[in-house]
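Q: Sharing a model that was predicted from the sequence below.
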Amino acid sequence: MSESKRISSSSFGYSEEEMAQAFQRLLLSENGLPGVGCFGAIYREISCRQGRPDFIALRYVSPSYHQNSINVPGFVGPAILQNLKPKAPRTFDYLVSNLEFGRESIRKSLRLMIESGYIEQLESGAYRLTAEMNHEKPEIWTFELKLNNPKKAVFQAQQSRAYSERAIIVVPPGQERNYERFRETMMRWHIGLSSFNPITGVFRFVRKGRKARALSPTQQIYTLSQMARKFE
């Protein structure tokens, strides 16, 4: 363990790595994250064009089904959904040119999502989201865990907003007050704040933050492709 980890552990009773391990168990638990629910996929430390968040989580929600999660496995499917709309159908060649995945992977995912009723193929051969499902785009959540150093935590969360709809900073109980001076910045960037005790497992939102469109769709697709490459 590094010197910085030992110092952090002595003052809080646990290190950032131990906090991350406990937080991962919470994310993967049967009920998921309190106040949010289960995620479709959870990954640690994916290298993105801007930063390397502690956790990236994907959540797929259909408002037509009372905010229940829908099952869009893998990485190609979410990337396709990012490029489809209920109107303005997209051709297969359009998807291939805009996604960093192979033609066969895209074709397979299209077929699976058609079978699931998430998208439909028109007589012209183009694809669109089904009107009945009326999907929201899949949400990318990022979580930055910090024992201290709020300035760095806010900066890293700002970076992740390039490709995520929600960015949440997770701190030990009692550290929330150190983020009051950043409240205006966090609200402007739609960054949430939460506390988590890795010993008791208690998690709570201080400010959940409002869902907001990722600032760079290109970086969002790049992030999904990086996740695919790491776990293929």
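A: Done, it's in. Worth saying up front: this structure is predicted, and the values here are computed from it rather than measured.
Q: The residue of the chain most remote from its centre: what secondary structure?
A: Here the chain reaches farthest from its C-alpha mean at residue 123, the gap being 34.3 Å by Cα atoms, centre = their mean. Counting by DSSP: H, G, I helix; E, B strand; the rest coil, the backbone at residue 123 sits in coil.
Q: Could you measure from it over to residue 113?
A: Per Cβ to Cβ, to the nearest Å, residue 123 is found 18 Å from residue 113. Using the backbone N, CA and C atoms, a C-beta is placed for each residue, glycine as well.
Q: likewise residue 174?
A: 45 Å.
Q: the more surrounded of these two?
A: Taking neighbours as other Cβ atoms under 10 Å, residue 174 and residue 113 compare with residue 113 leading, 22 against 10.
Q: residues touching residue 87, list them.
A: residue 128 (Cβ atoms under 8 Å, 6 or more residues apart in numbering).
Q: and with 10 Å instead?
A: 128, 129, 131 (Cβ atoms under 10 Å, 6 or more residues apart in numbering).
Q: are any of those residues buried, and which?
A: Buried by 16 or more other Cβ atoms under 10 Å: 128, 129, out of those.
Q: Lowest pLDDT pick from the contacts of residue 87?
A: Scanning those for pLDDT, the smallest score is found at residue 131, 71.
Q: and that residue, what helix or strand is that in?
A: Residue 131 is part of no helix or strand, with elements assigned from DSSP states H and E.
Q: how many neighbours does the residue lying closest to it once chain neighbours are set aside have?
A: What sits nearest to residue 131 in space, not counting adjacent residues and going by Cβ to Cβ, 6 or more residues apart in numbering, is residue 86, at 5.5 Å. Residue 86: 15 surrounding residues under other Cβ under 10 Å.
Q: Kindly indicate whether residue 86 is helix, strand or coil.
A: Per three-state DSSP, residue 86 ends up coil.
Q: roughly how far apart are it and residue 129?
A: 5 Å.
Q: surely residue 180 meets residue 150?
A: Yes - here residue 180 reaches residue 150: they are 9.4 Å apart, a contact under Cβ atoms under 10 Å.
Q: Common neighbours of the two, please.
A: 186, 193.
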